[in-house]
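S.K.: need a structure here:
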Amino acid sequence: MDGDGTADERHSGAAGGELPLVGIVVVNWRRREATLACLRALAGLDYPAWRLILVDNGCRDFSADELERLAPASEYARTDRNLGFAGGSNLGMRRALAGAARYVWFLNNDAEPEPRALRESIAVAEGPARPAIVGAKILLKDRPDRIDSVALRLDLRSGRVFLRGHDEVDRGQYDSLGEVDAVTGCAMLVEASACERLGGFDESFFSYLEDADLCLRARAIGLRVAAAPRARVLHDRPAATRGRQSTASLYYATRNHLRLARRHGSGSAPTRWLRPIVVVALNLAYALRSGGSPAAAQRVAAVLRGARDHAKGVTGEGVRKGRDQ
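M.R.: A predicted model of the protein is given here:
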């Protein structure tokens, strides 16, 4: 955060009104350079009322003293073990709420918000519809004219999850998008009372699809989820995609996809019976078309382990260290 001015000055609006304080939660796991780029982008935000909580999740890439130099008045937290995106984010969320944040902005450490991204997200959250959860428009960092996603579309009968707008050229076609099924955790703004009611992300997911689950749980209790298409955030998709091709990522994606479908899926008894087969088939297809390292047999084995562990009720970290990396 820009260190100029007093805290009261940084938190006051142009017309003298109070801006809602936002706790920005960034979880780092062994990606120091990506996180540094994220912090540099945060320094350029034109919304002044924010406080960063950086979580070193089972690693020691940063320190409290270094963070104070990089982002004054921020808070540093470190865990002894990797709690996953869900657990690390919840730790940061609790710190943000304890600091009287009215909103929590969950931001991937490989994401770089443009200067107006937080202001535009707050504008949607404070607008007439008063959504409890707001997602940004995510753009490809290496091709910022191209969309990564503007929201998630969920087919609760088949269990399929779609990134809305993925790989489309951004021509403003989604700029009037409002209420949606779900948004990604890449840049997700959540109102404080919703954080408290929902308890944050479900840590049994560990990583992957905890964002979709949070949105669906919010909607189930009558809260709204909306997109903020003018809130632009750049995402390092190539690095993220490489991560998703690891056996650990394929394991979590499969296991959690099945968990999401079981928890929130709809339809008749035959549909419920067929849905897990469809979900596993989709994940196998993704594993086989990923290419590169690890070998296809290892990727397929990771998907099948995810399906097996879901059937056995395995949650949380789940994978065997040294085998799924």
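S.K.: When you work out contacts or count neighbours from here on, use the C-alpha atoms and nothing else.
M.R.: Fine.
S.K.: Contacts for stretch 144-163 next, please.
M.R.: 135-140, 164-170, 174, 180-184, 212, 227, 229, 234-235, 237, 257, 260-261, 264-267, 271-272, 275-276, 278-279 (Cα atoms under 8 Å, 6 or more residues apart in numbering).
S.K.: Among those residues, name the ones in helices.
M.R.: Those of the contacts of stretch 144-163 mapping onto helices are 212, 237, 257, 260-261, 264, 271-272, 275-276, 278-279, per DSSP state H.
S.K.: and the least confident of those?
M.R.: Ranked by pLDDT, those bottom out at residue 237, which has 72.
S.K.: roughly how far apart are the closest residue to it other than its chain neighbours and residue 156?
M.R.: Nearest non-adjacent residue to residue 237, counting by Cα to Cα, 6 or more residues apart in numbering: residue 140, 6.1 Å away. To residue 156, residue 140 is 27 Å away according to Cα to Cα, to the nearest Å.
S.K.: Counting neighbours, go ahead and name the busier of the two.
M.R.: More crowded of residue 140 and residue 156, by other Cα atoms under 10 Å: residue 140, with 20 against 17.
S.K.: so who does the more buried one touch?
M.R.: Taking Cα under 8 Å, 6+ apart as the contact definition, residue 140 lies against 146-148, 234-237.
S.K.: how distant is the longest strand along the chain from the center of its chain?
M.R.: Across the chain, the longest stretch assigned as strand under DSSP state E is strand 225-235. Between the centre of strand 225-235 and the centre of its chain there are 12 Å (Cα atoms, centre = their mean, to the nearest Å).
S.K.: average pLDDT for that strand?
M.R.: 98.
S.K.: Just the element for residue 106, please.
M.R.: Under the criterion of DSSP states H and E, residue 106 resides in strand 103-108.
S.K.: how many neighbours does residue 142 have?
M.R.: Using other Cα under 10 Å, residue 142 has 12 neighbouring residues.
S.K.: what do you get for residue 318?
M.R.: Neighbours of residue 318 (other Cα under 10 Å): 18.
S.K.: State the helix or strand in which it lies.
M.R.: Under DSSP H and E, no helix or strand contains residue 318.
S.K.: Compute the distance between it and residue 30, please.
M.R.: Relative to residue 30, and taking Cα to Cα, residue 318 is found at 20 Å.
S.K.: Residue 97: which element?
M.R.: When elements are assigned from DSSP H and E, residue 97 belongs to helix 84-98.
S.K.: same for that helix, what does it pack against?
M.R.: strand 22-28, strand 50-57, strand 103-108 (3 or more Cα pairs under 8 Å, 6 or more residues apart in numbering; DSSP states H and E).
S.K.: Can you show me the CA trace of the last one as CSV?
M.R.: In this case it means strand 103-108. Coordinates of the C-alpha atoms in strand 103-108 are reproduced here as CSV (Å, rounded to 0.1, in the frame of the first residue of the first chain):
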residue,chain,number,x,y,z
TYR,A,103,-14.7,-6.7,2.3
VAL,A,104,-12.1,-9.4,1.6
TRP,A,105,-10.5,-9.5,-1.8
PHE,A,106,-9.0,-12.9,-2.5
LEU,A,107,-6.3,-12.5,-5.1
ASN,A,108,-4.2,-15.1,-6.8
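S.K.: and the ones in helices among the contacts of stretch 144-163, which are buried?
M.R.: 212, 237, 257, 260-261, 272, 275-276, 279 (16 or more other Cα atoms under 10 Å).
S.K.: Counting neighbours, what do you get for residue 93?
M.R.: 29.
S.K.: Just confirm it contacts residue 198, I think it does.
M.R.: No - taking contacts as Cα atoms under 8 Å, residue 93 lies outside contact range of residue 198: 11.8 Å.
S.K.: what element comes up after the strand holding residue 106 heading to the C-terminus?
M.R.: As assigned by DSSP H and E, the chain's next helix or strand after strand 103-108 is strand 111-113.
S.K.: quick one: strands adjacent to that following strand?
M.R.: strand 225-235 (antiparallel) (DSSP bridges).
S.K.: mind saving the C-alpha coords of the partner strand as PDB?
M.R.: Taking Å, rounded to 0.1, in the frame of the first residue of the first chain, the C-alpha atoms of strand 225-235 are listed here in PDB:
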ATOM      1  CA  VAL A 225     -23.000 -13.400  -7.000                       C
ATOM      2  CA  ALA A 226     -22.100 -11.000  -9.700                       C
ATOM      3  CA  ALA A 227     -19.400 -10.100 -12.200                       C
ATOM      4  CA  ALA A 228     -17.600  -6.800 -12.400                       C
ATOM      5  CA  PRO A 229     -16.500  -6.700 -16.000                       C
ATOM      6  CA  ARG A 230     -14.800  -3.300 -15.700                       C
ATOM      7  CA  ALA A 231     -12.500  -4.700 -13.000                       C
ATOM      8  CA  ARG A 232      -9.600  -5.900 -15.100                       C
ATOM      9  CA  VAL A 233      -7.100  -8.300 -13.700                       C
ATOM     10  CA  LEU A 234      -4.200  -9.900 -15.600                       C
ATOM     11  CA  HIS A 235      -3.500 -13.600 -15.000                       C
END
